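In: my questions concern the predicted model and sequence given below.
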Amino acid sequence: MGALALVVPTGVQAQTITHDNGNVEFGITGQGFLAGDLDFAAGIIDPNFRYPASDPNARQYLQGWSGIWLGSDVGPVASHLDIIDGGIFGGEWLPLTTGAPEDISTDAGRQTIRTEFGAAPTETSDLPFTVFIEQVTHTWADGPESNGVVFIMTMTNQSDLPAEDLRMAFATNWDVDPQVNETGKPSQDLATWDADRQASIMFQGDGSVAEDTTHVATVLLRGSLFAHRISPFLPQTPWTWPDVQRSDFLGSPQVTRETITAGNRQTITAAGPVTLDGLAAHTFVFALVGGETRGDLERNIDAVADVIRRPQAVQTSVNDDGIQLLWEPPISAEIFGYAVLRSLEEGGPYDQVGPRIVQTVEYLDTNVQPGTTYYYRIHPVDLAEKIVNTPSEPATATTSPKPTAVSTLALGLEGTPSVPEVAIALAKPSDVDARDVDLLLLRNETGLAPFTIIQQGKFTEELRDVEVEPGRTYYYAVRLINEFDRLSDLSNVARVEVPLPVAAPSLDLKDVAVYPNPVHRSRNSELHFRNLPIGTTIRFYTATGELIDRADNQQISIYDWTPGPDLANGVYVYQIEWAAEAVSRDPETAPRDTLPKRIAGKFVLMD
């Protein structure tokens, strides 16, 4: 049917983020719409569910009218669209300030988008409830589950009063018949209800044009089925759009099994009823799934139903106590805990280890042997304390003793006084094969933990640190790491002092160089002082004689001054003071040849 005209409330803004990692391309707009995009300024809503996304000529099978309802058999129903006096208007769902779609993906293989919207009584809608909806959608990059979009729909009562007998429905207008695109005529599709999978399935029912074998479905994955209706689509029968007809439907627990004749069809799949006490929440889970054939669709629905019940993202690490396992809870499952199963073979068989039920999302397996590879799967345990056969993807870990620590670390100072380098030498522990370990070089300036890794690479008995500065003291240590990421203990800690360079005896104030002039902020310029005698003091003044900065008793022959950001552009003065020997600064007691000597100059600071 293409894009549809829409009248919307003033000020409503639309934002779309697209699921594009799997075999379904699906736009998330929020506000109860299942449209691919909303251009409210142009009054347009676009179709959605481009499938299969791997095909550059793929079609969009879900028409833009599709959306989400919430209500009961009494009063108005919250929805995305309404018919009022023959016109199509935005429905009762209200956008929230923080509810714009947001990609919150944390797993490389799964894309997750979150949006929020709500419904409440207004001047134009006497809804009998105030409800907040958090919609979280998931798609997968690989596997048969990549052919679907899962909707985790959590509704929360925002009132202190109960919200009674609520039903949530997905109203979906699938168009599979290609003539909807080729000729602009209404699609000629058939629909059927798969009771085992709680799936409303749509497929082409007109053989007069090129056949599209694609099957698509709206699936209730979590929640009690209340009703399923298959009806001719608007404008033939507009009963589904006015609120009074919606509430009639949500009060009638009918399940339409199939259609006999092909036509432009809409299906409504409703879950519930649920009564929410004050501030209580409840979650339903729906999915939109595609398949190349009926059999392919059924396999894909089963895969989507399984993946949301699996523990996710299992991680393993080896430590001194055993193998540590961490995982994420299933996306949607009512569970009591988990069972940890282990095998010595990649394909099993798996045996349970540890307690009968693990009630956290971590487990430390201490019953392991060195040099052994273990394979793990995490199973959910349901509320009846039975193991559910929707295990996580396998995870593996190999036990290995940590490498022996280095105990022979030694340091040497090389380079020049002004450009020093630290040479680091060590010997390999006798029981370590250098081909099996990497080396971490660590450093700090306290000799106490923590240390910072400054180099990492293959094992070597000679290292060099060129990132050192005169006048500082450094502490070094090394650790070995093997192919199983086991770290050795810290080596012995070695200390080195990098001395300050001694200025040449012949240096005098006449040898000092000062540059650049002017100093440009835009070039991050500094005022450089070179060939300074040891013990100089540098002062900085404004043109009117106000002291703005000083650097006392310089112990190296170079100094770089950075002007502060609060200094205005203009002319400034530097003064360099120096005494040939360490002397009293009292002119009455100091010999004449040791009285301080001074030179001064001007420089310009500009942008």
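Out: That came in fine, so what should we check first? Residues are numbered from 1 along each chain as shown.
In: so who does the closest residue to residue 527 other than its chain neighbours touch?
Out: Leaving aside its sequence neighbours, residue 527 sits nearest to residue 561 (CB to CB, 6 or more residues apart in numbering; 4.6 Å). In this view, the C-beta of every residue, glycine as well, is placed from N, C-alpha and C. Residue 561 makes contact with 526-527, 529, 538, 540, 549, 551, 574 under the criterion CB atoms under 8 Å, 6 or more residues apart in numbering.
In: hmm, try it at 7 Å
Out: Residues in contact with residue 561, defined by CB atoms under 7 Å, 6 or more residues apart in numbering, are 526-527, 540.
In: and residue 306, helix, strand or coil?
Out: Assigned by DSSP: H, G, I helix; E, B strand; the rest coil, the conformation of residue 306 is helix.
In: ok, now how distant is it from residue 37?
Out: 31 Å (CB to CB, to the nearest Å).
In: between those two, which has more neighbouring residues?
Out: residue 37 (19 against 16; other CB atoms under 10 Å).
In: so the more buried one touches residue 46, yeah?
Out: Yes - under the criterion of CB atoms under 7 Å, residue 37 makes contact with residue 46 at 4.4 Å.
In: now, which of the contacts of residue 561 lie within strands?
Out: Members of the contacts of residue 561 lying in strands (criterion: DSSP state E): 527, 540.
In: pLDDT weak spots in the stretch 151-300 of the chain?
Out: Within the stretch 151-300 of the chain, the ranges that satisfy pLDDT under 70 run 179-184, 206-210, 234-242.
In: what about residue 281, neighbour count?
Out: Residue 281 has 14 neighbouring residues, counting by other CB under 10 Å.
In: residues in contact with it?
Out: For residue 281, the contacting residues are 154-156, by CB under 7 Å, 6+ apart.
In: who wins for neighbours among the residues you listed?
Out: Using other CB under 10 Å as the neighbour test, the contacts of residue 281 are led by residue 155, with 25 neighbours.
In: what about the stretch 1-150 of the chain, any weak spots by pLDDT?
Out: In the stretch 1-150 of the chain, residues with pLDDT under 70: 1-14, 40-41, 43, 85-87.
In: at 80 what do you get?
Out: Under the criterion pLDDT under 80, the flagged ranges of the stretch 1-150 of the chain are 1-14, 38-44, 75, 82-90, 124-125.
In: ok, now how distant is residue 229 from residue 67?
Out: 15 Å.
In: out of the contacts of residue 561, which end up buried?
Out: Buried members of the contacts of residue 561, scored by 16 or more other CB atoms under 10 Å, are 527, 540.
In: now the contacts of residue 561 as CSV including distance to residue 484 and pLDDT?
Out: Output for the contacts of residue 561, formatted as CSV (distance: CB to CB, whole Å; pLDDT from 0 to 100):
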residue, distance to residue 484, pLDDT
526, 48, 89
527, 54, 91
540, 58, 93
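In: sorry, back to before: secondary structure and distance to residue 252 added to the contacts of residue 281, as JSON lines?
Out: What follows is the contacts of residue 281, written out as JSON lines (DSSP: H, G, I helix; E, B strand; the rest coil; distance: CB to CB, whole Å):
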{"residue": "154", "secondary structure": "strand", "distance to residue 252": "26"}
{"residue": "155", "secondary structure": "strand", "distance to residue 252": "21"}
{"residue": "156", "secondary structure": "strand", "distance to residue 252": "26"}
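In: tell me the one among those nearest to residue 485.
Out: residue 154 (38.0 Å; CB to CB).
In: in three-state terms, how would residue 318 be classified?
Out: Three-state assignment for residue 318 (three-state DSSP): strand.
In: which strand residues bridge it?
Out: On the basis of DSSP bridges, residue 318 is bridged to residue 323.
In: what does residue 337 give?
Out: Beta-bridge partners recorded for residue 337 (DSSP bridges): residue 381.
In: isn't it right up against residue 360?
Out: No - with contact defined as CB under 7 Å, residue 337 and residue 360 do not form a contacting pair (8.2 Å).
In: who has more neighbours out of those two?
Out: Using other CB under 10 Å as the criterion, residue 337 and residue 360 rank with residue 337 on top: 18 against 9.
In: for this protein, what spans make up the helices?
Out: With DSSP state H as the criterion, the chain has helices at 179-182, 243-250, 294-307.
In: dump those helices to TSV, plus distance to residue 347.
Out: What follows is the helices of the chain, written out as TSV (distance: least, CB to CB, whole Å):
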stretch	distance to residue 347
helix 179-182	45
helix 243-250	48
helix 294-307	18
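In: which of those helices sits closest to residue 80?
Out: Of all those, it is helix 243-250 that lies closest to residue 80, at 11.5 Å by CB to CB.
In: give the other helices and strands that the closest one contacts.
Out: Based on contacts counted as 3 or more CB pairs under 7 Å, 6 or more residues apart in numbering; DSSP states H and E, the elements that helix 243-250 packs against are strand 67-71.
In: okay, angle between the strand it packs on and helix 243-250 too, please.
Out: If you take axes from the mean of the first three to the mean of the last three CA atoms, to 10 degrees, strand 67-71 sits at 80 degrees to helix 243-250.
In: got the CA positions of strand 67-71 in CSV?
Out: Provided in CSV are the C-alpha atoms of strand 67-71 (Å, rounded to 0.1, in the frame of the first residue of the first chain):
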residue,chain,number,x,y,z
GLY,A,67,0.9,-0.6,15.6
ILE,A,68,0.5,-1.5,19.3
TRP,A,69,-2.8,-1.2,21.4
LEU,A,70,-3.3,-1.3,25.1
GLY,A,71,-6.7,-1.3,26.8
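In: which other residues reach that strand?
Out: Strand 67-71 has contacts (CB under 7 Å, 6+ apart) with 32-34, 77-81, 119, 131, 155, 166-171, 246-247, 250.
In: residue 214 is nearest to which of the helices of the chain?
Out: Residue 214 lies closest to helix 294-307 among the helices of the chain, at 8.4 Å (CB to CB).
In: from the chain's centroid, how far away is the closest one?
Out: 27 Å (CA atoms, centre = their mean, to the nearest Å).
In: quick one: buried residues of it?
Out: Neighbour-count burial for helix 294-307 [16+ other CB under 10 Å]: 296-298, 300-301, 303-307.
In: which of the residues you listed lies closest to residue 485?
Out: The closest of the buried residues of helix 294-307 to residue 485 turns out to be residue 307 (CB to CB; 28.6 Å).
In: can you tell me which of the contacts of residue 561 is closest to residue 470?
Out: Nearest to residue 470 out of those is residue 526 (CB to CB; 18.1 Å).
In: the residue nearest to the closest one when sequence neighbours are not counted pairs with what?
Out: Spatial nearest neighbour of residue 526, chain neighbours left out: residue 560 (4.5 Å); criterion: CB to CB, 6+ apart. Judged by DSSP bridges, the bridge partners of residue 560 are residue 528.
In: and for residue 603?
Out: Going by DSSP bridges, residue 603 is paired in beta bridges with residue 572.
In: count the neighbours of residue 446 for me.
Out: Applying other CB under 10 Å, I find that residue 446 has 10 neighbouring residues.
In: I am finished for the moment; much appreciated.
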